[in-house]
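Enquirer: Here is my input, please return the structure:
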Amino acid sequence: MSALGGDVARFLDYLRVEKRYAAGTIVNYARELALLQAQAESLGLNHWRELRAEFLRSLVAREHRRGREAGSLHHLLSACRSFFRWMLREGVIAQDPALDVRAPKLRRKLPQVLDVDEASALVEIPADTPEALQDRAMLELFYSSGLRLAELIGLHWNDIDLDDGLVRVLGKGSKTRVVPVGSKAREALQALRKHAAPEAQASVFLGRGGKPVSPATVRRRLKGWAQSQGVWKRVYPHLLRHSFASHMLESSGDLRAVQELLGHADISTTQIYTHLDFQHLARVYDAAHPRAKRRRE
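Expert: As a prediction, this is how the structure comes out:
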C-alpha cells in the first residue's frame, strides 16, 4: 500500500473506531477519498503535503464534467476537508489545501411533505394482521417522533417508555436523544407489544428470522400502504420525518425545539422547514387576500 493509501486507511479506521460512524457512511467516505487518491497518484504525488489547491479544483472540475451534480460535489469536498483536517491534527500535512477551494453553488431543494390529512390517512392503516399491526406501530412512530429510518430500525423495547411516552434513539455520530411519543403511536406500540410479548432487549420491528427489519422492507411496505391508503405522492421513510418537522413548526413556531427533536447538530439544517412554513403562508395569502385574487385574474 502506498503512503497515500496508508493515510486514507488510517483515517477510515479513525472514523470507524473513534467516531463510530455507520458502515454506510464509511463506504461513502472511502469512495470519495479513492477519487482523491487516484487524482494525487496520477499527478505523481508521493505524499499528501505535496497536494495543492489547484489539484483539488482539477478533481472537482473533472467530476463535474462527468456529470456529478452540485450536491454530490459538495459531498466529495466535504469528505476531502474532513480528511485534511484529520491529517493536520496528525501532523501529516502542514496546511489545508482545501481552504481556498469553493464548492459549486448549491440549489437547495425544499423537501416534499405530506399535509396533515395525507399523513393521517397514511398512518391509520387497519391493524388486522400481525404484519399490519407492526406496520401501524412503525408508521405511527415515524410520524409521531420524526425518526430517521436507521433510528427506527435500531430500536429495542427497552428504548421505549410507553408509560411516560418517550423513546431513546441513537442518532448520527452515535448521539443519543430522547423524544416524545404521541398518544396514537403509544397505543399502536402497546398493541404490538401485547401481541408479540417481546424481551426487553428485543428489536421492536422485526423482519424474517426474528432479525431487525431491513431498510428495503420498510421502504417497500411504506410504498404499498401509501397506495392502498390513497396517498399518491412518492412516499418514503424520510418523507414522514419531513412532514413531522413541517407540521411541528407550523403549529409551534419554535425552531429550536424542532431542531432538538430532529437531532440536528446545526440549526441551519432545521431552517429549511421555515421555508416550507412560508410556502404554506403564501398559499393562504394567495387564496384569501382580495388583492392577491385580483392579481391572478
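Enquirer: Would you agree residue 182 is in contact with residue 140?
Expert: Yes - here residue 182 reaches residue 140: they are 7.4 Å apart, a contact under Cβ atoms under 8 Å. From N, CA and C alone the C-beta is placed, and that goes for glycine too.
Enquirer: Next, report how far stretch 97-105 is displaced from the centre of its chain.
Expert: In terms of Cα atoms, centre = their mean, to the nearest Å, the centre of stretch 97-105 is set 24 Å apart from its chain centre.
Enquirer: repeat for stretch 87-96
Expert: Worked out by Cα atoms, centre = their mean, stretch 87-96 lies 30 Å from the chain centre.
Enquirer: Could you do stretch 3-14 as well?
Expert: Stretch 3-14 sits 26 Å away from the centroid of its parent chain (Cα atoms, centre = their mean).
Enquirer: Only alpha carbons, please: show that stretch as CSV.
Expert: Provided in CSV are the C-alpha atoms of stretch 3-14 (Å, rounded to 0.1, in the frame of the first residue of the first chain):
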residue,chain,number,x,y,z
ALA,A,3,1.9,6.2,1.7
LEU,A,4,-1.2,8.0,0.3
GLY,A,5,-3.3,4.9,0.7
GLY,A,6,-2.0,4.2,4.1
ASP,A,7,-3.1,7.6,5.4
VAL,A,8,-6.6,7.1,3.9
ALA,A,9,-6.8,3.7,5.6
ARG,A,10,-5.9,5.2,8.9
PHE,A,11,-8.4,8.0,8.5
LEU,A,12,-11.2,5.5,7.7
ASP,A,13,-10.2,3.4,10.8
TYR,A,14,-10.4,6.7,12.9
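Enquirer: for the record, mean pLDDT for it?
Expert: Averaging pLDDT along stretch 3-14 yields 91.
Enquirer: Any buried residues in that stretch, and which?
Expert: Of all the residues in stretch 3-14, those buried under the rule 16 or more other Cβ atoms under 10 Å are 4, 7-8, 11-12, 14.
Enquirer: Residue 186 in helix, strand or coil?
Expert: helix (DSSP: H, G, I helix; E, B strand; the rest coil).
Enquirer: repeat for residue 168
Expert: Classification of residue 168 by three-state DSSP places it in strand.
Enquirer: again, but for residue 82
Expert: At residue 82, secondary structure determined by three-state DSSP is helix.
Enquirer: Equivalent analysis for residue 273, please.
Expert: Relying on three-state DSSP, one would call residue 273 helix.
Enquirer: Spit out the contact partners of it.
Expert: 242, 245-246, 249, 255, 258 (Cβ atoms under 8 Å, 6 or more residues apart in numbering).
Enquirer: likewise residue 239?
Expert: 111-114, 233.
Enquirer: Run the chain-centre distance for the strand or helix carrying it.
Expert: Element membership of residue 239, judged by DSSP states H and E, is helix 237-252. On the basis of Cα atoms, centre = their mean, helix 237-252 sits 13 Å off its chain's mean C-alpha point.
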